[in-house]
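Novice: below is the structure, and that's it, no one-letter string:
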């Protein structure tokens, strides 16, 4: 892979020596409310130079790691199927090369493609999902490939009891009924996460970790397409990321920043900091 011209701060190692590989999936063609998430990954890179590579929360520095940022994929905005195919191929190459993919969305639908690629290599994989929304609809206005359906599509891959959802506070009645039968849903906050992480770690089960940034309260993060009141704050999210990092993370993503919906730039700055902490927390 060629080196990207503009990288996330501190993530400029070469591909061969890197254990973690970032790539962008700038797609938002199924967004159900306010579009703009396709610009999230490039904004995170550009604005990352407003933060430090060092984390005082973890006493770690990005410059001490080997991380390669290969930039954004060029995706077909008119076809979810074509876009997902390209994302899946990119994630498959990274994971088959023995590296850990971290994808920057983009709307949350892009997670389905990355999950498919990582699941091929790790068939015992569990998914930990942070989000305001259940994303468990079978279809949205007739479309089965929608950001409102992404976790339902992932469920069809991994099956019962292997999707663990936190901070969920929005969805239709049928989504919550489906979750009662098929997923491990924790509404409103991170209660139960410590116990889950301990269990997954003790069994050494592979984990795909997906973060929809609208799990954060809009007072902290308003630059997103479907803001939902009642979310967590930054420190709560950070502590939750550190809990998940105790597990065997084999893939991860960060989604749903729509930078132009917060002209102050604060939401992009939050996304940058969340990404820094996520990268530094992962044990490779």
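Specialist: Structure's in. What do you need? Computed from a predicted structure; not experimentally measured. Numbers count the residues shown, from 1 in each chain.
Novice: hang on, residue 187 packs against residue 168?
Specialist: Yes - if you go by CB atoms under 8 Å, residue 187 and residue 168 touch, sitting 5.3 Å apart. For every residue, glycine as well, the C-beta is placed using N, CA and C.
Novice: which of those two has more residues huddled nearby?
Specialist: residue 168 (26 against 16; other CB atoms under 10 Å).
Novice: against residue 131, how distant is that one?
Specialist: According to CB to CB, to the nearest Å, residue 168 stands 6 Å off from residue 131.
Novice: quick check: neighbours shared by these two?
Specialist: Residues touching both residue 168 and residue 131 (CB atoms under 8 Å, 6 or more residues apart in numbering): none.
Novice: residues contacting the residue nearest to residue 121 when sequence neighbours are not counted?
Specialist: In space, and not counting its chain neighbours, residue 121 is closest to residue 95: 5.3 Å by CB to CB, 6 or more residues apart in numbering. The contact partners of residue 95, taken as CB under 8 Å, 6+ apart, are 101, 117, 118, 120, 121, 250, 251.
Novice: do the same with residue 188
Specialist: Residues near residue 188 by CB under 8 Å, 6+ apart: 167, 168, 169, 230.
Novice: go again with 7 Å.
Specialist: 167, 169, 230 (CB atoms under 7 Å, 6 or more residues apart in numbering).
Novice: and those as a markdown table, adding distance to residue 204 and pLDDT?
Specialist: Converted to a markdown table, the contacts of residue 188 look like this (distance: CB to CB, whole Å; pLDDT from 0 to 100):
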| residue | distance to residue 204 | pLDDT |
| --- | --- | --- |
| 167 | 26 | 98 |
| 169 | 32 | 98 |
| 230 | 35 | 97 |
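Novice: which stretches of the stretch 101-250 of the chain form helices?
Specialist: For the stretch 101-250 of the chain, applying DSSP state H, counting those that start in this stretch gives helices covering 110-121, 150-158, 173-182, 193-202, 234-244.
Novice: quick one, strands of this structure?
Specialist: Using DSSP state E, the strands of the chain run over 20-25, 54-55, 60-61, 67-72, 100-105, 126-130, 163-168, 184-187, 206-212, 248-255.
Novice: format these as JSON lines; extra columns: distance to residue 143.
Specialist: Converted to JSON lines, the strands of the chain look like this (distance: least, CB to CB, whole Å):
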{"stretch": "strand 20-25", "distance to residue 143": "18"}
{"stretch": "strand 54-55", "distance to residue 143": "39"}
{"stretch": "strand 60-61", "distance to residue 143": "41"}
{"stretch": "strand 67-72", "distance to residue 143": "24"}
{"stretch": "strand 100-105", "distance to residue 143": "18"}
{"stretch": "strand 126-130", "distance to residue 143": "20"}
{"stretch": "strand 163-168", "distance to residue 143": "21"}
{"stretch": "strand 184-187", "distance to residue 143": "23"}
{"stretch": "strand 206-212", "distance to residue 143": "18"}
{"stretch": "strand 248-255", "distance to residue 143": "18"}
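Novice: among those strands, which is nearest residue 277?
Specialist: Closest to residue 277 of the strands of the chain is strand 54-55 (CB to CB; 6.0 Å).
Novice: helices and strands around the closest one, which ones?
Specialist: If contacts are counted by 3 or more CB pairs under 7 Å, 6 or more residues apart in numbering; DSSP states H and E, strand 54-55 sits against helix 266-281.
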